[in-house]
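> Predicted structure and sequence below. I'll ask about it afterward.
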Amino acid sequence: MAYAEAASRTDEADAPKPKGKKTTLVESGKAAQKWQRELDSSKRWMQRFVKAARECERQYIGVSDTTGSTAPTSMGKVNLFWSNVQVILSAIYGRLPKAEVDRKFGDFDDDVSRVAGIIMQRVLNGDIERDYDDTNAAMRDAVQDRFIAGLGQVWCRYEVDTEMQDQPVTDPATGQPIPGATQQVEAIINEEAQTDYVYWDDFRYAPCRRWRECRWVARRVYMSEPKLKARFKLDEKQLGMIPMTTREPINTDSPSGTEDVLKATPFKQAAVWEVWERERNYVCWFVEGCSFVLDQQPDPLELDDFFPCPMPITATTLTKAFLPRPDYAMVQDLYKELDRVNAKLAHLTEAVKAVGVYDKTAMAARKMLAAGTENELIPVENWSAFVEKGGMKGVIDWMPIEQFVAAIAQLTARKNQLQHDLYEVMGISDIMRGASVASETATAQQLKVQYGGARLANLQNDVARFVSDVMRIRANIVSNLFQPQTILKRSLIERTPDAQYAQPAIQLLKDFGTAMYSITVTADSLAAPDWAQEKEARTEFLGAASNFVMAAAPVVQADPMTGSFLIKLLQWAAAGFKGAKTIEGVLDQAAKALTEKAQQPPQPEPPTPEDKKNTAQAGKYDAEAERTKKEAALIPPIGMPAGGLPPMTPGGPQPGGPPGLPAGPGSVPPMQPQMPAPLNGAPM
């Protein structure tokens, strides 16, 4: 793992040599013979495709197929092939691709998988959107190669930068750092998952019927002598055994002349093939014609599908051989006939001009066509003879152009028919080209849009599959080789409401095989963005959420325990909306807060104004009762007769009581009233 970058940085001079078992000269020689046979076999098998692809490139840029110059093949040529490719590219690859990492089964309660998808999506898209990242340009070039040559390919690699840093030395016995003791260790300071464009002629693969049967893939990289020595640690003797190519200036007069910039490089270079063999999970670096391999090692990236490149995006193939046939080859007869018609139209148009003959003696007729002759009378000598000859008709005879005009009309009709046939075969409607007829109804134009979209649907799906495969390989590299702290730093997940799931999510991503059961990595739409549609989708979600909240509010007020359940329903609905993954984190926090609140004992409600009034009145009543109690305590008790109450007579009437009332135990005798003393001794 620590030296995985060596397998992918073939074109980097400062790439370290990978560690591993050293290959003997005998093994290296056998491997060189094997790969020489394999590459020769693939070259012969792909020869037909390579020949057709080169012809397509010449037609696309409008150069001659016989002279190699940039002069057009015929007069008046209209490069409709270039125009059609531009229209298709604009319709299929309209913007920068972005990764979409979602939960595979859409489980709204699987927060770890959701956050893992957010982390991976942020890392991938953050790398793509950087100015110095080459992923967008590599994919666009590969898609262009598919519609010109018939095959497009990219190559993913892991790139790491390290430096020596001081780290404290720990005591093995205690596990604590030793004061003042440090050691130099190699630390990773930067790591990238890069995507390189591969020119279609620099890509080879084993002959196969379908891509899943392919045994090996290879790409060619041109390296100078300093890069060879630095990358593979070669001595002067080994370097002298490697076939080097001296580039010469391009000869534009040669029938085979091209505009290959590599052939114009003034210094020596070696064509190094980086070969990945699936059967043995080995990677080999080899130069054709060399008696030994430069290097070979076990699988350095440990990708799930082994190959560091996706299945190439190709034109038409058959099930008997995975060998593409360019789109131009399917309609080349129409293109060539259109070129001939345009050439004839150019010659006929040039021939249609005001040319005629006149009588040499009638100089006045010549003066009539002279420049600057306007509103002027020209004298004629021997007028009688001029009139006898029939005037102007007798001295001038114009070249007939009616035949030319009729031929131009016929050729123009044939040209329009050829263009129509080309658009029909390639599935390019006039709506896609920005052309339409004003008399057409909206229904007719809608049918054209649907027809063109149906024809391009397969192409769009193929390109989306290719881009998704690239994203998946990059995600695999990030999962296998990136440090956890790098993933955490690039994603900024700790600054989101889902920070609590960051560590479990990164642990899930580090096991990419297991993570693929929970998340899926794809690419979003590559067509031009429809901002109105995206705005409509967001507005629709907000409207649905608002209606749900308004309907659920009375239920929550009646029973707060139902709040978390209703939020789960809202999460379930949000999981079906694209781009709502971050909102689900906010809903998680709301559901947690409601659950905690429901588990707490109910708090007393604050007193109302009426309650305060009643409390004040009750306080007054309490104060009055307390005051009355104190006053009653100050009143002396009623006096009792001396000696106490008289004894009760059992069974007899009490003195002063009602007759016949027995005096029982515990009976209290009635008190006898005392009469006041008479005044002055007089009786009352």
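Alright, I've got the coordinates.
> what about the strands in the stretch 101-250 of the chain?
151-170, 177-198, 203-205, 216-223, 245-246 (DSSP state E, counting those that start in this stretch).
> how about those strands in CSV, adding distance to W273 and mean neighbour count?
Placement of C-beta: from N, CA and C, glycine included. Supplementary listing: the strands of the stretch 101-250 of the chain in CSV, determined by distance: least, C-beta to C-beta, whole Å; neighbours: other C-beta atoms under 10 Å:
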stretch, distance to W273, mean neighbour count
strand 151-170, 13, 18
strand 177-198, 12, 14
strand 203-205, 7, 21
strand 216-223, 5, 21
strand 245-246, 14, 11
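> Nearest to M330, out of those?
Distance to M330, taken as C-beta to C-beta, is lowest for strand 151-170 among these, at 14.9 Å.
> Nearest to K43 among the strands of the stretch 101-250 of the chain would be which one?
With C-beta to C-beta, the closest approach to K43 among the strands of the stretch 101-250 of the chain belongs to strand 203-205: 7.2 Å.
> Pairing partners for that closest one, with directions?
Strand pairing for strand 203-205, determined by DSSP bridges: strand 216-223 (antiparallel).
> how much does the strand it pairs with deviate in direction from strand 177-198?
Inter-element angle recorded for strand 216-223 and strand 177-198: 100 degrees (by axes from the mean of the first three to the mean of the last three C-alpha atoms, to 10 degrees).
> Need the CA coordinates for strand 216-223. PDB is fine.
Taking C-alpha atoms only, strand 216-223 is exported to PDB below (Å, rounded to 0.1, in the frame of the first residue of the first chain):
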ATOM      1  CA  TRP A 216      -5.200  -7.500 -19.500                       C
ATOM      2  CA  VAL A 217      -5.200  -3.800 -20.400                       C
ATOM      3  CA  ALA A 218      -2.300  -1.500 -21.200                       C
ATOM      4  CA  ARG A 219      -1.600   2.100 -21.800                       C
ATOM      5  CA  ARG A 220       1.500   3.600 -23.500                       C
ATOM      6  CA  VAL A 221       3.400   6.500 -21.900                       C
ATOM      7  CA  TYR A 222       6.400   8.200 -23.500                       C
ATOM      8  CA  MET A 223       9.300   8.700 -21.100                       C
END
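> Could you check which helix or strand contains F466?
Element membership for F466 (DSSP states H and E) is helix 442-481.
> just to revisit the earlier point, tabulate the strands of the stretch 101-250 of the chain in a markdown table, adding columns for mean pLDDT and distance to A362.
Listed next are those as a markdown table, based on pLDDT from 0 to 100; distance: least, C-beta to C-beta, whole Å:
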| stretch | mean pLDDT | distance to A362 |
| --- | --- | --- |
| strand 151-170 | 89 | 69 |
| strand 177-198 | 87 | 71 |
| strand 203-205 | 96 | 74 |
| strand 216-223 | 95 | 74 |
| strand 245-246 | 70 | 72 |
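> Tell me which of the ones you listed lies nearest to G543.
Using C-beta to C-beta, the strands of the stretch 101-250 of the chain put strand 177-198 closest to G543, at 39.8 Å.
> can you give me the angle the closest one makes with strand 151-170?
Going by the same axes, to 10 degrees, strand 177-198 makes 170 degrees with strand 151-170.
> Now tell me what touches strand 177-198 from outside.
8, 11, 127, 133-135, 137-139, 141-142, 153-171, 219, 309, 470, 474, 477-478, 481-483, 486 (C-beta atoms under 8 Å, 6 or more residues apart in numbering).
> Next one: A271 relative to A218, how far apart?
11 Å (C-beta to C-beta, to the nearest Å).
> for the residue nearest to F232 when sequence neighbours are not counted, what are its contacts?
In this structure, F232 finds its nearest non-sequential neighbour in L294, 4.6 Å apart by C-beta to C-beta, 6 or more residues apart in numbering. Contacts for L294 were tallied using C-beta under 8 Å, 6+ apart; they are L228, F232, L234, I242, V272, W285, F286, V287.
> where exactly do the helices run in the stretch 451-600 of the chain?
Using DSSP state H, counting those that start in this stretch, the helices of the stretch 451-600 of the chain run over residues 484-491, 502-510, 512-515, 531-558, 563-574, 581-599.
> Quick check, pLDDT for F267.
At F267, the pLDDT value in this model is 82.
> Name the nearest residue to it, ignoring sequence neighbours.
S224 (6.1 Å).
> Give me the neighbour count for that neighbour.
15 (other C-beta atoms under 10 Å).
> Next, the distance between the ends of stretch 291-304.
32 Å (C-alpha to C-alpha, to the nearest Å).
> average model confidence for it?
91.
> in that stretch, what counts as buried?
Neighbour-count burial for stretch 291-304 flags F292, V293, L294, D295, Q296, Q297, D299, P300, L301, E302, L303 (criterion: 16 or more other C-beta atoms under 10 Å).
> before we move on, back to that, nearest to K415, of the contacts of L294?
Distances from K415 to those, taken by C-beta to C-beta, are shortest for V272, at 48.7 Å.
> list the buried ones in stretch 503-512?
Neighbour count says stretch 503-512 has A505, I506, L508, L509, K510, F512 buried, by 16+ other C-beta under 10 Å.
> that's a strand at R95, yeah?
No - in this structure, R95 is coil, not part of a strand, as judged by DSSP: H, G, I helix; E, B strand; the rest coil.
> Great, nothing more from me.
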